[in-house]
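Peer 1: What would the 3D arrangement of this be:
(one chain, ligands or ions: 1)
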Amino acid sequence: MPSVLRAIFSPHELAVYGSKFVAGLEDLYREIILDHYRNPRNRGELEVPPAVQAVGFNPLCGDEIVVYLEVRDGVIVDLSTGGQGCSISQSSASMMSTAVKGRTVLEARRLVRAFKHMMSIHGSGIGGSGDDLDEDEPADDSQNGVKLGDLEALRGVVKFPVRIKCATLSWNTLVDALEQAFD
Ligand code: ZN
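Peer 2: Now for the predicted structure:
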């Protein structure tokens, strides 16, 4: 059993979901998720104002995400994140920041919808035979035409329901910040 997974998932979770999926998830962790966790992108603070600040908490895991967002003429011209928590919450925040920085608000909202769809039980087809582990999911798969890129690495987290809120926390906090930006 890879030690990194022992550090992230409880023995119960690993027992429930089995080694086949865990082996597949380990590849994704090593390549993408851990890279974003160890070398978070767009980390820091922005001056408020002109930026807005939103804070999100996931009490189930103890995760905290701070999103600083500056919108100008409908474009996310700058975005930084802070906070602390598990590797899933922090790497998801880093991936979110790279995915939406420089995008229009409209594009960012589309990404939020696509990501949350992927992280939903419906979007990932969980609850079926147990054989639909999506290990061959193409990296450029899209949700309603939206390319998720590296964010696809988090798809496997949906198999660990207690961790879904870790992955979606930064996205929900982004939505709060977007609403503030248009108050
Ligand atoms: Zn967490």
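Peer 1: and C86, what does it touch?
Peer 2: With contacts taken as CB atoms under 8 Å, 6 or more residues apart in numbering, C86 has the following neighbours: I8, C61, G62, D63, R163, C166. No exception for glycine: its C-beta is placed from N, CA and C like everyone else's.
Peer 1: residues of stretch 151-164 that come out buried?
Peer 2: Across stretch 151-164, burial judged by 16 or more other CB atoms under 10 Å covers L151, E152, A153, L154, R155, G156, V157, V158, K159, F160, R163, I164.
Peer 1: Check which helix or strand the spatially most central residue of the chain maps to.
Peer 2: Centre of the chain computed as the mean C-alpha position; nearest residue by CA atoms, centre = their mean is S92, 3.2 Å away. Assessed by DSSP states H and E, S92 sits inside helix 87-100.
Peer 1: ok, then the element right after the helix or strand bottoming out on mean pLDDT in the chain?
Peer 2: Least confident helix or strand, the chain: strand 142-143 with a mean of 54, by mean pLDDT, DSSP states H and E. Following strand 142-143 in sequence order, the next helix or strand is strand 146-147 (DSSP H and E).
Peer 1: Quick one: mean pLDDT for that next one?
Peer 2: The average pLDDT within strand 146-147 is 80.
Peer 1: For D73, grab the count of nearby residues.
Peer 2: 7 (other CB atoms under 10 Å).
Peer 1: how far away is it from L154?
Peer 2: 30 Å (CB to CB, to the nearest Å).
Peer 1: show me the contacts for D176.
Peer 2: Contacts of D176 (CB under 8 Å, 6+ apart): A54, G56, V67.
Peer 1: so V105 makes contact with V175?
Peer 2: No: applying CB atoms under 8 Å as the test, V105 and V175 come out as separate, 10.9 Å apart.
Peer 1: What residues does this protein have near the ion?
Peer 2: Residues of the chain lying close to the ion (CB under 5 Å from the ion) are C61, D63, C86, S89, C166.
Peer 1: Where does the prediction get shaky in this structure?
Peer 2: The chain contains residues with pLDDT under 70 at 1-30, 121-144.
Peer 1: Strands along that one, start to end?
Peer 2: 52-58, 63-72, 75-84, 142-143, 146-147 (DSSP state E).
Peer 1: Output the contacting helices and strands for the first one.
Peer 2: If contacts are counted by 3 or more CB pairs under 8 Å, 6 or more residues apart in numbering; DSSP states H and E, strand 52-58 sits against strand 63-72, helix 164-181.
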